[in-house]
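Chemist: Sequence and predicted model, in that order:
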Amino acid sequence: MLAGSLWGDFAPGTILLLLVTAAIASLARGFSGFGAALIFVPLGSAAIGPQLAVPLILLIDAVMALGLIPAAWRQADRACVGMMSIGAVIGIPLGTLALAWLDPLIVRWAIVALVVALLILLISGWRYHGQPKTLLTIGVGGVSGLFSGAAQVGGPPVVAYWLGGAIPIVGVRANIVLYFAISSVLTIASYLVGGLFTWPVIVLALVTGPCYGAGLYVGSRLFDRTNETAFRRLSYILIAMAAILGLPILDPILR
């Protein structure tokens with residue numbers, strides 16, 4: 001009865017869009033360690049609303065990305081990741097409150113604006129070039145946590161921060177993967193309290209999870225074999241397309 005009711009609410013085209021978007025988003029995540037929500041949330045929010053799309057990407061990523069954690073644990077700067085996570089503890093509940101209580105249309109416009117701003121930051125090439133400092137690291141974690149709680153788009157602040165140092169790209173990716181593993185646990189707890197994990201989210205996760213897991217596997221394989229610059233440029237293009245297609249004014253065309 002539950003599944004029948006759920007599929008009655010979503011057209012086959014909507015489910016197909018979620019499957020394709022999940023596969024593409026997970027390719028970026030598997031390769032770079034971040035970027036899945038930047039691609040998935042704008043399109044997913046246009047299709048099913050942010051109150052379903054945001055917890056959906058959190059759930060499938062938290063489960064399917066478990067295989068990335070062992071290598072990240074060995075390669076990451078665990079002390080720095082721990083400091084970043086302290087900030088996330090503060091930021092995530094605030095973002096969760098915004099997602100749970102604000103009008104969905106306002107949240108969608110805010111998500112699109114946030115994705116565009118963070119994309120511009122990434123494309124600009126700006127990086128933090130100073131030495132990591134405790135308070136600054138915690139502060140970046142707080143901003144990332146706020147973005148993660150509201151829209152699962154907390155990657156760019158920590159990416160810009162860690163890429164600016166003298167950390168090898170393997171270490172940067174490991175830091176990102178480990179940080180988001182911790183952040184996901186904190187966000188799941190916050191979403192449970194906020195009542196955001198509904199039955200439709202769980203059923204949609206069962207449907208989209210396998211596509212997401214396959215994309216993660218392929219993306220991880222590409223990390224050591226693909227030209228990083230070309231792949232990042234492709235990711236930026238996909239993120240930009242997702243922001244445009246996620247605009248609420250295009251709903252009459254997309255839905």
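Modeler: Looks like it came in fine.

Chemist: Any chance you could list what contacts the one helix or strand Ala100 maps to?
Modeler: Here Ala100 sits within helix 78-101, counting by DSSP states H and E. Applying CB atoms under 8 Å, 6 or more residues apart in numbering, the set of residues contacting helix 78-101 from outside is 50-51, 54, 107, 110, 132, 134, 137-151, 154, 158, 175, 178-179, 182-183, 186-187, 190-191, 193-196. The C-beta positions use only the backbone N, C-alpha and C, and glycine is treated the same way.

Chemist: Which pLDDT value does the model give Leu52?
Modeler: Among the per-residue scores, Leu52 shows a pLDDT of 92.

Chemist: Which strand or helix spans it?
Modeler: helix 50-64.

Chemist: Return the set of buried residues in that helix.
Modeler: For helix 50-64, a neighbour-count test (16 or more other CB atoms under 10 Å) marks 50-62, 64 as buried.

Chemist: could these be laid out in JSON lines, adding distance to Ile167?
Modeler: Listed next are the buried residues of helix 50-64 as JSON lines, based on distance: CB to CB, whole Å:
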{"residue": "Pro50", "distance to Ile167": "33"}
{"residue": "Gln51", "distance to Ile167": "36"}
{"residue": "Leu52", "distance to Ile167": "36"}
{"residue": "Ala53", "distance to Ile167": "32"}
{"residue": "Val54", "distance to Ile167": "29"}
{"residue": "Pro55", "distance to Ile167": "31"}
{"residue": "Leu56", "distance to Ile167": "32"}
{"residue": "Ile57", "distance to Ile167": "27"}
{"residue": "Leu58", "distance to Ile167": "26"}
{"residue": "Leu59", "distance to Ile167": "30"}
{"residue": "Ile60", "distance to Ile167": "28"}
{"residue": "Asp61", "distance to Ile167": "23"}
{"residue": "Ala62", "distance to Ile167": "25"}
{"residue": "Met64", "distance to Ile167": "26"}
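
Chemist: Which of those residues sits closest to Ile24?
Modeler: Nearest to Ile24 among these, counting by CB to CB, is Ile57 at 12.3 Å.

Chemist: just checking, that closest one touches Val153?
Modeler: No - in this structure, Ile57 sits apart from Val153 without contact. The criterion is CB atoms under 8 Å, and the distance is 9.6 Å.

Chemist: Mind listing the shared neighbours of the two?
Modeler: Contact criterion CB under 8 Å, 6+ apart; residues shared by Ile57 and Val153: Ala37, Val41.

Chemist: give me the number of residues near the nearest residue to Trp126 once chain neighbours are set aside?
Modeler: If you skip the residues right next to it in sequence, Trp126 has Ala160 as its closest partner in space, 6.4 Å away by CB to CB, 6 or more residues apart in numbering. Close neighbours of Ala160, defined as other CB atoms under 10 Å, add up to 18.
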